[in-house]
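Chemist: Make a model of this:
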Amino acid sequence: MTLKEIAALAGVSPSTVSRVINHPGTKAAGREVENKIWQIIRETGYIPDPSARNLKMHKPQKGAPPKAIGCILARTHTTDPFFSKVTRGLEREALRSGYNVKYIFSYQDIQKPDIQQAIQQTRVEGVALLGRPDSRMRSFLKTNYKKIIYTGLNNIDSEFDQITCNAYLASKTAVSYLAELGHVHIAYLGERKNEIRYRGYWDALSQLALPLNRDHIIDTPLSTEGGYRAAARLLSSGSNITALFCANDLTAIGAMQAARELGRRVPEELSVIGIDDIETCQYTTPMLTTIHIPMEDLGIMTAKILIDRIETGKRIPMRVELPFRLIKRGSCMAPPL
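Modeler: Residues are numbered from 1 along each chain as shown. Below you'll find the predicted structure:
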């Protein structure tokens with residue numbers, strides 16, 4: 001398989017395929033086209049010749065199949081914008097190292113017998129787990145893979161290598177920023193069970209001596225619909241909140257829509273902040289203030305560590321934490337007097 005053949009299958013030029021693979025962030029193609037190109041790369045097992053020639057260790061023998069890794073999303077769908085960005089970094093770095101990402105399955109996928117059979121019959125050198133697993137997922141991984149690396153925002157109690165960004169401190173940073181603006185009544189929209197972002201919210205309020213009101217905490221799925229329903233419920237209750245801390249950007253975007261429909265102006269009457277910094281944040285009105293998580297870098301580091309484990313056989317568990325930063329946009333301001 002060549003670059004030109006991939007381009008023909010995708011219906012684009014070879015230069016577009018090259019930019020998608022080698023130059024992240026350049027918007028070489030629309031999301032749909034980019035997804036199609038990466039799907040073709042996975043299905044065909046394409047490995048660029050220079051990458052194969054420049055492998056530092058264990059050069060593949062002539063005629064040997066390319067080395068491959070797998071990717072499983074533990075708690076979400078493959079279309080999730082956060083983990084889609086992580087997987088792009090993973091795929092690019094794997095390709096640069098002469099590896100093909102053979103498949104990307106969600107937790108829902110691997111419940112299906114045919115997918116389980118495909119996983120057992122498809123040889124991969126290791127797997128990247130995106131998002132925290134439950135006990136059944138851990139058992140499935142240990143049964144089917146020897147090399148496992150976890151990537152997400154919550155640290156997990158596991159012997160797996162872990163690539164994370166400190167969502168606990170990120171949450172405290174978001175709440176502290178709202179407090180600096182003068183907000184006192186700050187609500188939380190997001191998941192609570194085993195969720196480090198919720199703990200960060202609670203601890204930040206406690207340390208800042210701000211009111212801890214359980215009526216201001218809405219346990220909701222991390223999705224646009226979850227944010228919409230949670231905000232609609234909270235804002236319709238006559239609550240005195242002036243700011244929403246949402247556990248991810250999708251939740252925040254849904255919350256902003258609910259606020260608009262209920263006549264609450266953002267940010268004049270209600271400030272909203274999220275976590276992730278997905279691309280859509282720049283297209284909301286107003287643009288969403290959020291905590292930037294280096295999603296693509298998480299994927300790149302995941303591939304680097306996993307491939308190093310495969311190539312060297314190192315076994316001592318490793319934890320790598322990448323930095324976050326506050327992105328101030330238009331959805332937050334001082335509370336109304």
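
Chemist: Tell me if residue 120 really is in a strand.
Modeler: No - counting by DSSP: H, G, I helix; E, B strand; the rest coil, residue 120 is located in no strand; its state is helix.

Chemist: Does it touch residue 140 like I think?
Modeler: No - counting by Cβ atoms under 8 Å, residue 120 does not reach residue 140; the two are 10.6 Å apart. For glycine as for every other residue, the C-beta is placed from the backbone atoms N, C-alpha and C.

Chemist: where does the stretch 201-337 of the chain have low pLDDT?
Modeler: Applying pLDDT under 70 to the stretch 201-337 of the chain flags no residue at all.

Chemist: where's residue 164, which helix or strand?
Modeler: Taking DSSP states H and E as the criterion, residue 164 maps to strand 161-165.

Chemist: just residue 250 next, same as before
Modeler: Here residue 250 is assigned to helix 249-261, by DSSP H and E.

Chemist: before we move on, back to that, residue 120 and residue 140 - which one has more neighbours?
Modeler: Neighbour count, other Cβ atoms under 10 Å: between residue 120 and residue 140, residue 140 has more, with 18 against 10.

Chemist: Give the partner strands of the helix or strand hosting residue 150 in its sheet and their orientations.
Modeler: Taking DSSP H and E as the criterion, the element that holds residue 150 is strand 148-152. Its sheet considered, strand 148-152 pairs with strand 127-130 (parallel), strand 161-165 (parallel) by DSSP bridges.

Chemist: Format the ones you listed as JSON lines; extra columns: mean neighbour count and distance to residue 153.
Modeler: Output for these, formatted as JSON lines (neighbours: other Cβ atoms under 10 Å; distance: least, Cβ to Cβ, whole Å):
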{"stretch": "strand 127-130", "mean neighbour count": "26", "distance to residue 153": "10"}
{"stretch": "strand 161-165", "mean neighbour count": "23", "distance to residue 153": "6"}
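
Chemist: how about a markdown table for those, with distance to residue 180 and mean pLDDT added?
Modeler: Below are those laid out as a markdown table (distance: least, Cβ to Cβ, whole Å; pLDDT from 0 to 100):
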| stretch | distance to residue 180 | mean pLDDT |
| --- | --- | --- |
| strand 127-130 | 33 | 94 |
| strand 161-165 | 22 | 95 |
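
Chemist: Sounds good, over and out.
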